[in-house]
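Novice: 3D, please:
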Amino acid sequence: MRFSTTAVVYLASTFVLALFPQAANAGITAFSGSSCNGAAGLNVPCDGSCHQFDDRHSFRVDGGTGNHCVTAFQDPNCPAGARGRQFTFTNQNGGCQNVNTGTNIRSFICSPNNICLV
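Specialist: So this is what the prediction gives:
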């Protein structure tokens, strides 16, 4: 049986990808309930961008993606220079985090690693 070079390369690359899966990009989902229950928001990327958190009380960062830092803000739109009140949650990786801070959390940033961006 003869194989073309293209077929051999394709089979070899498929085999390598199966053995060594690519690192997953982390995402974060916020929930209306305090135990990652209730209405779920969108799964947004942990890339340092700002996202809204109104009417949410817990969140979960995708598991298996390494640890991440989530910074939550009392003010909307993740205030520049961390004006206003903020809370940091480090080592987020698959577990549910209740955001019972005693104040309304309105926005958040999820960093791509465990280094807090603010």
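
Novice: in this protein, which spans are strands?
Specialist: 27-31, 40-45, 50-52, 58-61, 68-73, 86-92, 96-98, 107-110 (DSSP state E).

Novice: my read: residue 49 touches residue 108, true?
Specialist: No - using C-beta atoms under 8 Å as the test, residue 49 is too far from residue 108 to be in contact (10.0 Å). Using the backbone N, CA and C atoms, a C-beta is placed for each residue, glycine as well.

Novice: ok, back up a step: wait, which of the strands of the chain is closest to residue 118?
Specialist: In terms of C-beta to C-beta, the element of the strands of the chain nearest to residue 118 is strand 68-73, at 4.8 Å.

Novice: now what about that closest one, what contacts it?
Specialist: If you take C-beta atoms under 8 Å, 6 or more residues apart in numbering as the criterion, strand 68-73 is touched by 26, 28, 46, 53, 59, 61, 78-79, 82, 84-90, 92-93, 97, 99, 101, 105-118.

Novice: parallel or antiparallel, list what pairs with it.
Specialist: strand 86-92 (antiparallel), strand 107-110 (antiparallel) (DSSP bridges).
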